[in-house]
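J.: the sequence and its predicted three-dimensional model are supplied below.
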Number of protein chains: 2
Amino acid sequence: MIAVYAPGSVSNVACGFDCMGFALDEPGDVVVATPQDEPGVAIAAIHGDGGRLTTEPRKNTASAAVLALMRRLKTTRGIALTIHKGLPLASGIGSSGASAVAAVVAANELLGRPAPMDVLLECAMAGEQAGCGAIHPDNVSPSLYGGFILARCAQPPDIVRLPVPNGLACAVLHPRMEVETGAARRLVGDRVGLQDATRQWANVGGLVAALYTSDLALLSRSLVDHIAEPKRAGLVPGLAGVKAAAMAAGALGCSLSGSGPSIFALAPSLDIAQSAGDAMRRAFSAASPIESDLWVCPVGRQGARVVNSQS
Amino acid sequence: MIAVYAPGSVSNVACGFDCMGFALDEPGDVVVATPQDEPGVAIAAIHGDGGRLTTEPRKNTASAAVLALMRRLKTTRGIALTIHKGLPLASGIGSSGASAVAAVVAANELLGRPAPMDVLLECAMAGEQAGCGAIHPDNVSPSLYGGFILARCAQPPDIVRLPVPNGLACAVLHPRMEVETGAARRLVGDRVGLQDATRQWANVGGLVAALYTSDLALLSRSLVDHIAEPKRAGLVPGLAGVKAAAMAAGALGCSLSGSGPSIFALAPSLDIAQSAGDAMRRAFSAASPIESDLWVCPVGRQGARVVNSQS
């Protein structure tokens, strides 16, 4: 058996709607792959989802990803998956992507590692497509590779791995509510103002330059979302107050993670990320009776990895 | 007297509408500053403009830039400017910006270099505002600093200097026609499709990453304009054929320079830039009876510089 951990991820990263993402160090999902006699893929068990995820192999993101891999490798081996969800569902931190990534990496290990990383990425994306009806390379690729990534193009995938400045850390506040990604997308609309769009691509350029040069002041100035967040702000109660609290505590930037409801902040150190996270949680509690979770961690330099193997 | 050369520049650079630009090595403008007894700024002569530029100090871009500098420095000295236009007017390669930059740098030298570069940038932009009614930091800043720049924000200016990969060269084809910048802007409209905008900012991220890593394949994939060029293509006869000819000759990308009519191509070497430029010129001649000029040069690593001084 092979157990693989894949971290959650923050996509959009304020200015990079649908193209930027970074890996968390934690939390993440673990998928255990074990050989089975019967050809194909089965889901043996799912833990931590409250019984909500399907175990139908073609519809579950993780098993659908492994099916894509096995088709690609033309193998008739049999693999059973056990999924341990460490990431909350529909939380905006790449939960389905992490399961798909952990599953393909575990299956690939079990098969003797025949597939290179770019094939694993495509199969994980195919799993997301089957399970969620949409692909999110800006979640899947950081979960697989770690670090910051630019998904320049989704189909065919054109993934650029970007450097992570030393010490860069993040806080993720997760309000215990769910945001349906499709509804959040419809809020953004099909057309955007040219001036807002121009600011957005100038900020993407600034963010990428800041990552290469470790210029945290530039990074901070670039972490502004002129496109999605203004339209989605109403989805999460108290968002403005949470952002203000994070910035007052020293965060470099604070915005929705993916389409929310999670809210991330980036900070120059783990200590400041902790202060920012605590301040975010207090601000959220003051604004809403909804319970919340808080994670504070370095930006995850490592992507999916084997955490336990036994043959 | 101090003579300063400031190079022309290519703005937009395909994907970076209103925020990316690079300096040409040549052509450019030369401005000569000489002391005069009368306080303030006068234009002694303008050569190479066919008599079309105003010599009214508050309305000419170059003198207006120097007036902004003198206000900033609170000086009552007198300076006369002689402007030698090497850049054609309204050509899309930063002609007015280069005159403003050369003038402020020359005046600053004459005054003993009291102002730092960021002040010179602001004064050159003020000169463009006075002379053209608009500011173009994506032209003015490469003309001043040289190299590739990201103008993350125009007001206040937030200019990021980006690395230039070794050998990177360009061809600029200038059809002898004029495009009015305001009309070219109106063609783009006020609103753009979200999908096009998303591709655009992913490409800006790709272009910036490619410059830091000298990844010319990524640079080439990123040099696509989903926003302005599709709307402006009708402004320049034969644009599609010129682009195709450049790419067939080995260019990394080819698009309108600024709002046109000039068309630039980037290439991995000066030789390939020359081949691409020759092919562009042949394609343009086949499509239109309009005369054209061709410049082939390295991306200009050096911005404005003193070319001759005498005290």
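T.: Yes, it's here.
J.: three-state assignment of residue A:226?
T.: coil (DSSP: H, G, I helix; E, B strand; the rest coil).
J.: return the residues in contact with it.
T.: By CB atoms under 8 Å, 6 or more residues apart in numbering or on different chains, residue A:226 lies in contact with A:15, A:196, A:197, A:199, A:200, A:203. C-beta coordinates here come from the backbone N, C-alpha and C atoms, glycine included.
J.: and what of residue A:61?
T.: Contacts of residue A:61 by CB under 8 Å, 6+ apart are A:96, A:97, A:99, A:100, A:103, A:127, A:128, A:130, A:131, A:132.
J.: and the longest strand anywhere in chain A, what does it pack onto?
T.: With DSSP state E setting the assignment, residue counts place strand A:20-36 as the longest strand in chain A. Using 3 or more CB pairs under 8 Å, 6 or more residues apart in numbering or on different chains; DSSP states H and E, the elements in contact with strand A:20-36 are strand A:2-11, strand A:78-84, helix A:95-110, helix A:137-145, strand A:148-153, strand A:169-175, strand A:292-298.
J.: listing partners with orientation, what would you give for the first one?
T.: The one in question is strand A:2-11. Here strand A:2-11 has these sheet partners by DSSP bridges: strand A:20-36 (antiparallel), strand A:305-309 (antiparallel).
J.: one more: the last one?
T.: Strand A:292-298 has the following sheet partners, assigned by DSSP bridges: strand A:169-175 (antiparallel).
J.: low pLDDT regions in the stretch 201-311 of chain A?
T.: A:309-311 (pLDDT under 70).
J.: leaving out sequence neighbours, find the closest residue to the residue of chain A most remote from its centre.
T.: Residue farthest from the centre of chain A, counting by CA atoms, centre = their mean, is residue A:37 at 33.3 Å. In space, and not counting its chain neighbours, residue A:37 is closest to residue A:78: 5.9 Å by CB to CB, 6 or more residues apart in numbering or on different chains.
J.: show me what from the stretch 151-300 of chain A comes close to chain B.
T.: By CB under 8 Å from any CB of the partner chain, the part of the stretch 151-300 of chain A that sits against chain B consists of A:151-153, A:158, A:160, A:162, A:188-195, A:197-209, A:212, A:218, A:221-222, A:227.
J.: out of these, list just those in strands.
T.: Using DSSP E, the subset of these located in strands is A:151, A:152, A:153, A:158, A:160, A:162, A:191, A:192, A:193.
J.: do I have it right that residue A:229 meets residue A:254?
T.: No: counting by CB atoms under 8 Å, residue A:229 sits too far from residue A:254 to count as a contact (10.2 Å).
J.: going by neighbour count, which of the contacts of residue A:61 comes out on top?
T.: Greatest neighbour count in the contacts of residue A:61, by other CB atoms under 10 Å in any protein chain shown, goes to residue A:100: 39 neighbours.
J.: separation between that one and chain B?
T.: Distance of residue A:100 to chain B, computed by CB to the nearest CB, to the nearest Å: 22 Å.
J.: which residues does that residue contact?
T.: Contact analysis of residue A:100 by CB under 8 Å, 6+ apart lists A:61, A:62, A:64, A:65, A:123, A:124, A:125, A:127, A:128, A:131, A:140.
J.: which one of those is nearest residue B:33?
T.: Residue B:33 lies nearest to residue A:140 out of these, by CB to CB, at 57.6 Å.
J.: now the buried members of the residues of the stretch 151-300 of chain A next to chain B.
T.: Buried by 16 or more other CB atoms under 10 Å in any protein chain shown: A:151-153, A:158, A:160, A:162, A:188, A:191-192, A:194, A:197-209, A:212, A:218, A:221-222, A:227, out of those.
J.: for the spatially most central residue of chain A, what are its contacts?
T.: Closest to where the C-alpha atoms of chain A average out (CA atoms, centre = their mean) is residue A:9, at 2.5 Å. Residues counted as contacts of residue A:9 (CB under 8 Å, 6+ apart) are A:21-24, A:93-94, A:97-98, A:138-139, A:142-143, A:300.
J.: same thing but at 7 Å, please
T.: A:21, A:22, A:23, A:24, A:93, A:94, A:97, A:139, A:142, A:143 (CB atoms under 7 Å, 6 or more residues apart in numbering or on different chains).
J.: my read is that the fifth one contacts residue A:8, right?
T.: Meaning residue A:93. Yes: between residue A:93 and residue A:8 there is a contact under CB atoms under 7 Å: 4.1 Å.
J.: same drill for these two, tell me which one is more crowded.
T.: Neighbour count, other CB under 10 Å: between residue A:93 and residue A:8, residue A:8 has more, with 31 against 28.
J.: so that one touches residue A:25, yeah?
T.: No: if you go by CB under 7 Å, residue A:8 and residue A:25 don't touch, sitting 9.4 Å apart.
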